[in-house]
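Student: I'd like to go over a predicted model; first the sequence, then the structure.
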Amino acid sequence: QVQLVESGGGLVQAGDSLRLSCAASGRTLSSLSSYIMGWFRRAPGKEREFVASIRPSGGATYSSDSMKGRFTISRDNAKNTVYLQMNSLKPEDTAVYYCAARAVAANTWGSWGQGTQVTVSS
């Protein structure tokens, strides 16, 4: 089991930037390089949605072109940490952001963090 702890959320104004971090640990975690890492979010009253993911090699996938233009996912395998840089934040980005890990050979996201709140005021 991989333990994930997010940090970096907060209250910002529209147009501001935030960088979220996700620190991974656990007895089964030999190296973060064996996991696909992802960010999801759940806005008030909505279902959890995919934001972005990054493969061990660094290849990234985003939920939409709009997201890709404002958000950047990155990873530091040596530090067992994944980041989500969010620029030009909008009020509709307000949500709890969750980090998740999926073993490369797995079909489901097996580990989740507790989430970090991001609130964007207009």
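Tutor: Sure, I can see it.
Student: what's around Ser53, how many residues?
Tutor: When counting by other CB atoms under 10 Å, one arrives at 20 neighbours for Ser53. All C-beta atoms are positioned from the backbone trio N, CA, C, and that covers glycine.
Student: now it: closest residue in space that isn't a chain neighbour?
Tutor: Spatially, and ignoring its direct neighbours in sequence, Ser53 is nearest to Gly38 (3.8 Å; CB to CB, 6 or more residues apart in numbering).
Student: and the one helix or strand the one you found maps to, what's buried?
Tutor: Gly38 belongs to strand 35-42 when assigned by DSSP states H and E. Neighbour-count burial for strand 35-42 flags 35-41 (criterion: 16 or more other CB atoms under 10 Å).
Student: buried residues of the host helix or strand of Ser66, list them for me.
Tutor: Ser66 belongs to helix 65-70 when assigned by DSSP H and E. By 16+ other CB under 10 Å, the buried positions in helix 65-70 come out as 67, 70.
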